[in-house]
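1. Sequence plus the predicted model coming up.
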Amino acid sequence: MDILPVLKTGRLIVIYAPDAACAESMTLIAELGLRGAVTILDGGNLYRPYQVATLLRRKTVDISGVAKRLFSRRAFTCYEMNTLLNSTPSLNQPYLILDLLNTFYDDHVPAYEACRLLKSCLDQLQRLVLSGPVVVTLAPPLAEERGSLVEQVCGQADEVMVKEAPVCQPTQPSLF
Amino acid sequence: MGRTLITITQLLNETEANLSAFRRTLRRSDQYVFDGLLASARRHIAAIGQAESLLPFESALLAMLLEQAKEIAVLQQELDELRKKNSC
Amino acid sequence: MDEVTGWLLDVYAGEEDGVVLWLLSDDDRRLRLRMNFDVTFYAAGDFGLLRQAWTYLKERNVKLERAARRDLFLGERDVLAVTTSNPSELPKIFADLSRGFPSLDYYDADIPLSLRFIAHTDAHLLGRCRVKLDGERVQSIESLDSPWEIDPAPIPLRILTLSPDENPAVRKPRSLRVQFQQKEYSLPLEPTRVFLISLKSDLKRFDPDLILTDYGDTWLFPQLKIWSQESGIDVNPNRDEGKRVLTRRADSYFAYGQVIYRGAQTHLFGRWHIDRRNAMSFGEYGLEGAMEQARVTGLGVQEMARKSPGAGITAMQMLTALRNGIMIPVQKQQVEGKKTLAELIRADHGGLIYQPLIGLHGDVAQIDFSSMYPAIMVKHNISPETVAVENALEGLIPKTLRPLLEKRLMLKNILSDLESRDCRVEILKARAAALKWLLVVCFGYLGYKNARFGKIESHEAVTAMSRELMLQAKEIAEDMGFTVLHMYIDCLFVQQEGFHRPADFTPLLDAIEEKTGIPIALEGVFKWVAFLSSKRDARVPVPNQYFGAFQDGTIKYRGIELRRRDTTTWVRRIQLAALEILARADTPEEMAEYVPDVSALVERARRDLRAGRVPLEELIVRQKLSRVLDGYKSPSPAARAAMQLKTMGREIAPGQAVEFLFTRGGSGVHAWELGEALDPGRIDTVRYCRLLDRAIQTVLDPHRRSCVPERLL
């Protein structure tokens, strides 16, 4: 999944994958970090700082320099995600929203409330996309009735990339 | 509230898993020594964590060296005692 | 105008207006009183929306005002204040308004009524008070003591105990055991009409303040309702006859890293109901502890007995906020600040865990910081609104915790001065334990996602400070010549040649306390203690897994089979007996003398098992179901047992424990609640012996290893 070439200001890219594209996101963060500042908003406790540092080390000796321009904030409820997005300034830099919908799938939050908050979040994404490229990763909902949330996000995207779950594990061919 | 950062214990487990092909290829006797290296890192999990390094495995390597140096010091001491005994 | 003094038992919303109070008067009357009590909630946000909200509420029977009120983080805010004289109406008014205007910020809209009452009147639950009455109307109420009283006047409660003769989940009960003061007898459940009439007359005759039951939540009260409807004989267990019982449904939820199951609940009005089988911490500190928690948290006894201490600490924070004129948000609004990668790595750590030196050690002192995390919050003024603010006034969290911390310390000091046979010891211990639980959870609630006043940075500040203090303690110990064997979050294990009396360690304790400013105490001096290694690799130490014997012979153990709930009673019994044998050794070296006794013990246990002499009850394995049955790819033994129960119509929810035996052949398990007699010959003795061997290996290994010099490579 090569995301870098399609990234540009004004484009909202959505990646939909069973694990909310955790590994791909870390690679992307490292790649973008080498080029400049990045804002990461983590909705699913998905950010892997050590993994990003290790990836960076393969490309540069100055990992502390890069580490200083990777800015992250975490949201643990959908209310927090909404507040995070609302308080993120428009800057000329890429934004990565990891597992945006994770907290919206919480069945303690009524569906109408999740829907309302998501609408507000999407408005903010539209604001941010004017100043820098935005990548949003999504995982499938835990219960089917929240599937419409995924559709809402994808409906706003300029490009949706889907990573399917591997159908079966690769097996070693038998020798005899 | 789940933590974002994995613990040093988890990190060492992951590193060990990533090295499983390497370990598998070693002779059984070497595997035991290899496991000992990781065990020596695991004795210093607190120090590795406190180092707050971006690459904790660097600190883990230092912990392995430390345990080796300790082992050498102990052996050195035993050797000195033996030498002293023999010279008497 | 009448004046009455007594204890405040209960507060709840009246049907039409104000609140209902129940007072246990000094002349042993139970008085139902009413009091006018207005409640207010607030809405803040866009002025246009607030104007619309005003118009929306105009037709309702509420008082509307524009006011300025304080938000803990944002300071003064212009708000719409909505006041009603009927507290029972508030939830509905708020629900309607927040549905119509979801983007407004709401405050003080979901506070337990008892907290509002306490904040307003200063009278507290289970506390002594004086009321001035006009008929049944309270004109004024005055508190006569404080929840922080060390030795509160005991309440002369009338307690009625009701328990069925069988666990209703397993077999249908036939009778109900009734116990009141010295009286004790059995009421047959059939014929139903006779039973209901007898129970009704008992309730009237005894007029208990507390009904203590087994399975009252899950069986007795739901069943009473059904029987009442079927027979037409109405039994209302409330003292307040105008109210029906309040029932809450069962649910499974995720907390503290595990799935927790909470059974259905039945709450009463005018008297309390506690189901001993459905009370989260009741086993730990009993009625005395639940009452202590109710006293200091302001939540009713029925709530506190069933809820986690987290609910209690939240209530205490709310009370502090109400008393200090700070609005309580319905939704937490604080989010994490921006962190760079390096800052995140620095911040996101837990407490300090120092790997132990594996093996047996003699003359080891264990020293513990008392309530370390709360003490740090109080001493260093760590609160969500004060973190990273210089010279901040005392924050909301330290203000809440300070009296709690002081009271627990005082109780502990009193306890340490009392003889162990003193009749006050048990009660004081229960109360100290109840307070300890509130203190234990208060730290987690600083960063908990649903905490009203939480901020992750304050949580991180506490762990960072705790690591620093532990390192300071380690350095002091080492400067004074001690070897630090192990450190775990807030306790240290230290050793020094020639140091074995408790007094030998006093200078160390004093030095640490002086440097850190946090009280530290000697838990005890072990004659010997064994720190364990990983079962996978004997060279890898495992934190917080140890066992040892204190100088007075008391055994202490952590992390071994004995502590695990899924260990069978039989294995636990034998492992404990083995430890008791080893505890006779006064030094690590002496242990060898006792190993043959342990081997003989184990041999006898094995023989008893094979000969069928071990009661089946002792072989029950208890395991929690971690998910719904359909969710298992290869079902665990617990899941297989749950499937057996399902075929006979009994559903087990995730988080609920299943009891079963390991058997030979078939699915390998036999669900205990199946109720059918099991042929003892079918017990899988090989499997049970394996479980025992593992447990015995745990306690003998450190001795075996001490006979061979340690080598890492």
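-> Arrived safely, thanks for sending.
2. rest of the way, CA atoms for contacts and neighbours
-> Noted.
3. shaky segments in the chain?
-> Picking chain A for this. Low-confidence segments of chain A (pLDDT under 70): A:1, A:166-176.
4. sorry, should have said chain B
-> Applying pLDDT under 70 to chain B flags residues B:1-3.
5. neighbours of residue C:536, just the number please.
-> Look at residue C:536: counted by other CA atoms under 10 Å in any protein chain shown, it has 7 neighbours.
6. try the one 4 residues further on
-> Residue C:540 is surrounded by 24 other residues when neighbours are defined as other CA under 10 Å.
7. thought it was touching residue C:533?
-> Yes - assessed by CA atoms under 8 Å, residue C:540 is found in contact with residue C:533 at 5.5 Å.
8. Touching the helix or strand hosting residue C:414 from outside, list them.
-> Assigned by DSSP states H and E, residue C:414 falls within helix C:396-417. Helix C:396-417 has contacts (CA atoms under 8 Å, 6 or more residues apart in numbering or on different chains) with C:148, C:150, C:296, C:316-317, C:320-321, C:371, C:374-375, C:377-379, C:381-385, C:425, C:428-429, C:432, C:435-436, C:439.
9. what are the phi and psi angles of the nearest residue to residue A:80 once chain neighbours are set aside?
-> Leaving aside its sequence neighbours, residue A:80 sits nearest to residue C:335 (CA to CA, 6 or more residues apart in numbering or on different chains; 6.0 Å). Backbone torsions of residue C:335, given as degrees, to the nearest 10, read phi -120, psi 170.
10. ok now do residue C:335, which residues does it touch?
-> By CA under 8 Å, 6+ apart, the contact set of residue C:335 is A:74-75, A:80, A:83-84, C:455-456.
11. Restricted to helices, list the contacts of helix C:396-417.
-> With DSSP state H as the criterion, helices contain C:296, C:316-317, C:320-321, C:374-375, C:377-379, C:425, C:428-429, C:432, C:435-436, C:439 from among these.
12. List the residues that contact residue 131.
-> No chain specified, so I'll use chain A. Counting by CA under 8 Å, 6+ apart, residue A:131 touches A:9-10, A:90-93.
13. Hmm, no, I was thinking of chain C.
-> Residue C:131 makes contacts with C:3-5, C:138-142, as judged by CA under 8 Å, 6+ apart.
14. hmm, 7 Å instead?
-> For residue C:131, the contact set (CA atoms under 7 Å, 6 or more residues apart in numbering or on different chains) comprises C:3-5, C:138, C:140-142.
15. Would you mind listing which of those residues are buried?
-> Buried subset of the contacts of residue C:131 (neighbour count, 16 or more other CA atoms under 10 Å in any protein chain shown): C:4-5, C:138, C:141.
16. just to revisit the earlier point, by neighbour count, which of the contacts of residue A:131 wins?
-> When neighbours are taken as other CA under 10 Å, the top entry among the contacts of residue A:131 is residue A:93 (19 neighbours).
17. follow-up on the earlier one: will you turn the contacts of residue C:335 into JSON lines that also has neighbour count?
-> Compiled in JSON lines, the contacts of residue C:335 are given as follows (neighbours: other CA atoms under 10 Å in any protein chain shown):
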{"residue": "A:74", "neighbour count": "25"}
{"residue": "A:75", "neighbour count": "23"}
{"residue": "A:80", "neighbour count": "22"}
{"residue": "A:83", "neighbour count": "19"}
{"residue": "A:84", "neighbour count": "25"}
{"residue": "C:455", "neighbour count": "24"}
{"residue": "C:456", "neighbour count": "23"}
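18. closest to residue B:29 among the residues you listed?
-> Set against residue B:29, the nearest of the contacts of residue C:335 by CA to CA is residue A:74 (46.0 Å).
19. List the residues that contact the closest one.
-> Residue A:74 makes contact with A:41-43, C:336 under the criterion CA under 7 Å, 6+ apart.
20. ok, now residue C:18?
-> Listed by CA under 7 Å, 6+ apart, the contact set of residue C:18 reads C:34-38, C:85-87.
21. Where strands are concerned, which of the residues you listed count?
-> The strands, defined by DSSP state E, take in C:34-35 from those.
22. Among the contacts of residue C:18, name the buried ones.
-> C:34-35, C:37-38, C:85-87.
23. Pipe those into CSV and attach distance to chain A and pLDDT per row.
-> Shown next, in CSV, are the buried ones among the contacts of residue C:18 (distance: CA to the nearest CA, whole Å; pLDDT from 0 to 100):
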residue, distance to chain A, pLDDT
C:34, 35, 95
C:35, 35, 96
C:37, 31, 96
C:38, 29, 96
C:85, 29, 95
C:86, 27, 94
C:87, 25, 94
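24. Show me which of those residues is closest to chain B.
-> Among the buried ones among the contacts of residue C:18, residue C:87 lies closest to chain B (CA to the nearest CA), at 33.5 Å.
25. Where is the longest helix in chain A?
-> Under DSSP H, chain A gives helix A:111-129 as its longest helix.
26. List of residues touching the helix or strand following it?
-> Per DSSP H and E, helix A:111-129 leads on to strand A:134-138 as the next helix or strand towards the C-terminus. Residues outside strand A:134-138 that contact it (CA under 7 Å, 6+ apart) are A:11-17, A:20-21, A:94-101.
27. how about the spatially closest residue to residue C:17 that is not a sequence neighbour, what does it touch?
-> Once flanking residues are discounted, residue C:17 sits nearest to residue C:86: 4.1 Å by CA to CA, 6+ apart. Contacts for residue C:86 (CA under 7 Å, 6+ apart) come out as C:16-18, C:38.
28. ok, how many other residues are close to residue 45?
-> Let's take chain A. 18.
29. if you could check chain C rather than the one you did, that'd help
-> For residue C:45, the count of nearby residues is 15 (other CA under 10 Å).
30. That one and chain A: what is the separation?
-> Residue C:45 is 14 Å from chain A, where distance means CA to the nearest CA, to the nearest Å.
31. Would you confirm that that residue contacts residue C:102?
-> No - counting by CA atoms under 7 Å, residue C:45 sits too far from residue C:102 to count as a contact (10.6 Å).
32. Just list whatever residues bridge to the most centrally placed residue in chain A.
-> Nearest to the mean C-alpha position of chain A, by CA atoms, centre = their mean, lies residue A:98 at 2.8 Å. Note on residue A:98: beta-bridge partners residue A:42, judged by DSSP bridges.
33. How about residue C:76?
-> Beta-bridge partners for residue C:76, by DSSP bridges, are residue C:70.
34. Where does pLDDT dip in chain C?
-> Ranges of chain C meeting pLDDT under 70: C:251-262, C:280-281, C:447, C:450, C:707-713.
35. Thanks a lot, see you next time.
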